[in-house]
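Student: let's see this in three dimensions:
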Amino acid sequence: MAIQSSKSGAPNNNRLRKLLKSLEGNWQAEMEGYYTYLALAAREHDAMRAQVLRHLASAEMEHAELWAGRIRELGGTVPTYKGNPRGDADSLASRTGGPRMALRRLEVDESRHIANYGVQLKELGDEASIAILEHVIEDEKDHYRELGSLLRGRSHAVQGGKQVVDAKSLLEELLAKRNEGRSQAGGWIGDAIYGVNDGLGAIFGIVSGVSGATAGSGKYVLLAGLAGMIASALSMGSGAYLAAKSEREIYEAEVEREREAIALNPSEARELLSLYYQVKGLPQDDADHVVEHLAGDQGMMLKALASERLNSSEEGLKVPWVSAVSGALSTAVGAIIPVIPFFFLSGTPAVVTAAVVSLIAHFLVGAAKSWITVRSWWASGFEMTAVGAVEGAVTYAIGLWLGHLGA
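Tutor: Residues are numbered from 1 along each chain as shown. So this is what the prediction gives:
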């Protein structure tokens with residue numbers, strides 16, 4: 001059934017205004033749902049539930065865009081969202097009732113939307129809008145089922161009556177939550193911390209030794225410290241770059257060999273991958289079934305076999321230039337710390353100040369290492385301080401001895 005038209009063929013003005021008002025109301029409701037689901041997802045601690053809520057938010061936005069498109073086709077102007085930027089998530093009922101009450105209210109809202117859209121199917125009188133309604137109603141029924149699943153503790157998105165799980169993004173989110181935001185030791189933060197550690201330790205030793213040999217002569221300590229800083233930074237940066245690049249090149253060469261092996265003898269490759277899975281505890285039938293599934297996609301098969309054979313993946317490899325920059329800069333930062341006092345002081349005050357500043361820095365670097373290790377920050381900090389103190393004392397004593405020999 002089409003919108004009633006005047007003799008000129010244009011839609012009747014009253015019918016058009018009524019239709020546009022209904023579509024604008026639909027758009028506002030979908031936008032409120034979008035912001036509500038996004039806000040609830042942001043405060044959700046369970047990664048799977050958060051993923052479902054974000055899936056619902058994206059579906060609401062898709063519906064809003066459909067209504068916006070039809071409004072424009074009818075010559076109307078897409079309205080401005082008038083609701084709260086966090087939708088209904090900050091309402092008193094949602095806040096005081098907790099997450100379950102918020103989900104229960106959304107479930108009720110979805111059922112109301114379905115009922116309201118059902119009424120519109122009979123009243124709108126516009127074929128294009130009715131086609132959108134039929135699509136949206138089916139989606140809203142899925143949303144109702146998804147919210148019911150969340151309330152019963154089953155956290156999976158539903159689309160077309162089937163569960164939908166974005167395995168990759170969910171895995172990344174669960175790993176991020178498990179690590180509580182901490183980067184892995186293989187990342188740039190690991191290179192940075194160990195770069196500071198290396199620079200601080202090496203240059204503190206140089207500064208201590210030269211101070212002992214020259215009685216803290218600022219000129220000689222500065223010269224030795226700055227030269228050592230530059231050399232250490234360049235050495236660490238180039239070393240980190242070459243190591244990461246070599247690791248990547250070796251990985252790529254091994255993957256290419258695996259690719260050739262799969263092409264030459266696919267049955268052997270499948271048997272090998274199945275055995276790897278069996279060693280990990282998977283029953284033979286299940287392992288064979290998984291491998292047969294992977295074998296249907298050559299890229300997946302190669303990725304799985306390479307991961308098992310090389311005990312690594314492309315995603316786990318370091319980026320050479322990132323390792324080089326983080327290694328060089330962090331080494332320079334650590335190296336400059338023992339040198340700084342000699343810009344302003346000389347003699348014994350400079351040596352004492354440099355020792356104190358360096359030992360404090362040793363403690364802070366050691367404590368920072370606890371971000372990427374399982375040790376407590378204070379134990380790691382005191383261990384690093386003790387190592388720095390011994391290193392400084394030994395090199396200072398050697399410097400004194402060498403200074404006496406030269407005298």
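Student: apart from its chain neighbours, what residue comes closest to residue 29?
Tutor: residue 113 (6.6 Å; CB to CB, 6 or more residues apart in numbering). Bear in mind the C-beta positions are built from the backbone N, C-alpha and C, glycine included.
Student: could I get the full set of strands for this protein?
Tutor: With DSSP state E as the criterion, the chain has strands at 157-159, 162-164.
Student: state the number of residues packed around residue 332.
Tutor: By the criterion of other CB atoms under 10 Å, residue 332 has 20 neighbours.
Student: residue contacts, the residue lying closest to it once chain neighbours are set aside?
Tutor: Residue nearest to residue 332 in three dimensions, not counting chain neighbours: residue 233, with 4.0 Å by CB to CB, 6+ apart. Applying CB atoms under 8 Å, 6 or more residues apart in numbering, we find residue 233 in contact with 199, 328-329, 331-332, 335.
Student: output those in a markdown table; the columns should cover pLDDT and distance to residue 109.
Tutor: As requested, the contacts of residue 233 are exported to a markdown table (pLDDT from 0 to 100; distance: CB to CB, whole Å):
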| residue | pLDDT | distance to residue 109 |
| --- | --- | --- |
| 199 | 81 | 58 |
| 328 | 88 | 55 |
| 329 | 90 | 52 |
| 331 | 88 | 57 |
| 332 | 90 | 57 |
| 335 | 86 | 60 |
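Student: mind listing which of those are in helices?
Tutor: Judged by DSSP state H, helices contain the following of the contacts of residue 233: 199, 328-329, 331-332, 335.
Student: quick check on those: which are buried?
Tutor: For the ones in helices among the contacts of residue 233, a burial check counting by 16 or more other CB atoms under 10 Å picks out 199, 328-329, 331-332, 335.
Student: I'd assumed residue 284 was in contact with residue 278.
Tutor: Yes - look at residue 278 against residue 284 with CB atoms under 8 Å: they come within range, at 5.7 Å.
Student: between these two, who's got more neighbours?
Tutor: Between residue 278 and residue 284, counting by other CB under 10 Å, residue 278 is the more crowded of the two (14 against 11).
Student: contacts only, for that one.
Tutor: 284, 287.
Student: for the one 10 residues further on, same thing?
Tutor: By CB under 8 Å, 6+ apart, the contact list for residue 288 reads residue 274.
Student: if I look at it, how far off is residue 269?
Tutor: According to CB to CB, to the nearest Å, residue 288 and residue 269 sit 13 Å apart.
Student: cool, residue 257 as well?
Tutor: For residue 257 relative to residue 269 (CB to CB), the value is 12 Å.
Student: more crowded one of those two?
Tutor: For residue 257 versus residue 269, the count of surrounding residues by other CB under 10 Å is larger for residue 269: 22 against 12.
Student: how near is the closest residue to that one other than its chain neighbours to residue 46?
Tutor: Excluding the flanking residues, the one nearest residue 269 by CB to CB, 6+ apart is residue 262, at 4.4 Å. Using CB to CB, residue 262 is found at 39 Å from residue 46.
Student: what are the phi and psi angles of residue 78?
Tutor: phi -60, psi 130 (degrees, to the nearest 10).
Student: adding distance to residue 147, write the contacts of residue 233 out as TSV.
Tutor: Compiled in TSV, the contacts of residue 233 are given as follows (distance: CB to CB, whole Å):
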residue	distance to residue 147
199	54
328	52
329	49
331	53
332	54
335	57
